[in-house]
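**Q** Here is a sequence together with a model predicted from it:
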Amino acid sequence: MQTSLIYELRKPETEQPGRTYPAIFLMHGMGSNEQDIMTLANGLEKDAYIFGIRGSVEQPPGFAYFTIEGYGKPHRSVFDETIQKLEAFIDNALSTYAIDPDKVFLGGFSQGAILSMVLGLTMGSRIHGVMAFSGYIPAFVKEAYSIQPASHLEVFLSHGEKDPVFPLEWGEANRDYFSQLGASVSYYTYPEGHTISAENYRDFRAWLDLQLSVK
């Protein structure tokens, strides 16, 4: 698959002709990388395509997807370009691999959560599920982006009650926004900061396993 983005791909162990498989696209937080975020899907490699996508901006000790203009405000031009590249990446993957169009999931932490939510809002029926850990939806996305119908979306949102980076109110705003659009929202909070706790991970995996089991 030709793309300017660096990524890691794990394919189903046994790809059978005529069969399609779920796809999970994962995006990391600032200063991390695609290999770290892939751990969210450990154990699912047998029956799904799992993509870990690296951000294009160097952010030692890892990478980022966009730069920040201010509190809760990405640089619009960088953000727009990243969204375009990620949409193209996902569309390319959907046309290249034997992916079940009804089981396409986007997930990520922090910057990855932001991008997962925005892509879920803009890519319409191409996306079935969104998993966002500790993120927010930029104001300019709500104001200027073409938001697609979301009644088909299954959304897992989580946020730390003591998050010093993105306040809990931003997580509640995510919940309310998706709910107002008609998405099916599962929203969880945890007594931690800006992180994915063990309990958060267990709840997420239970949610995802349920989504993957639905025929």
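**A** Structure's in. What do you need?

**Q** can you map out the helices along this structure?
**A** Using DSSP state H, the helices of the chain run over residues 34-37, 76-96, 111-122, 139-144, 168-180, 198-213.

**Q** Could you look over those helices and pick the most buried one?
**A** Of all the helices of the chain, helix 111-122 has the most neighbours on average by mean count of other Cβ atoms under 10 Å, namely a mean of 26. Every C-beta, even on glycine, is put in place using the N, C-alpha and C of the backbone.

**Q** can you give me the angle it makes with helix 76-96?
**A** Computed by axes from the mean of the first three to the mean of the last three Cα atoms, to 10 degrees, the angle separating helix 111-122 from helix 76-96 equals 70 degrees.

**Q** What residues does T82 make contact with?
**A** G55, S56, Y65, F66, L115 (Cβ atoms under 8 Å, 6 or more residues apart in numbering).

**Q** Report pLDDT for the residue most central in space within the chain.
**A** What sits nearest the mean C-alpha location of the chain, by Cα atoms, centre = their mean, is G107, with 2.4 Å. Turning to G107, the model gives it a pLDDT of 98.

**Q** Show the pLDDT at the nearest residue to it once chain neighbours are set aside.
**A** With Cβ to Cβ, 6 or more residues apart in numbering as the criterion, G107 has its nearest non-adjacent residue at 3.4 Å, and that residue is M131. Confidence at M131, expressed as pLDDT, is 98.

**Q** Which single strand of this protein contains the most residues?
**A** The longest strand of the chain (DSSP state E) is strand 99-109.

**Q** Tell me which residues of it come out buried.
**A** I99, D100, K103, V104, F105, L106, G107, G108, F109 (16 or more other Cβ atoms under 10 Å).

**Q** in its sheet, what does it sit against?
**A** Strand 99-109 pairs in its sheet with strand 21-27 (parallel), strand 129-133 (parallel), by DSSP bridges.

**Q** Go through those and name the closest to F79.
**A** When the strands paired with strand 99-109 are compared by Cβ to Cβ, strand 21-27 sits nearest F79, at 13.0 Å.

**Q** That closest one to helix 198-213, inter-axis angle?
**A** Following the same axes, to 10 degrees, one obtains 150 degrees for the angle between strand 21-27 and helix 198-213.

**Q** if you average pLDDT over strand 21-27, what comes out?
**A** Strand 21-27 comes out at a mean pLDDT of 98.

**Q** Any buried residues in that strand, and which?
**A** Result for strand 21-27 [16+ other Cβ under 10 Å]: buried residues Y21, P22, A23, I24, F25, L26, M27.

**Q** State the distance from the second one to H128.
**A** I take that to be P22. Distance, P22 to H128, by Cβ to Cβ, to the nearest Å: 9 Å.

**Q** where do the contact lists of those two overlap?
**A** Contacts common to P22 and H128, judged by Cβ under 8 Å, 6+ apart, are K103, V104, F105.

**Q** Reformat those residues into JSON lines and put distance to H152 next to each item.
**A** JSON lines is the format used below for the shared contacts of P22 and H128 (distance: Cβ to Cβ, whole Å):
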{"residue": "K103", "distance to H152": "12"}
{"residue": "V104", "distance to H152": "11"}
{"residue": "F105", "distance to H152": "13"}
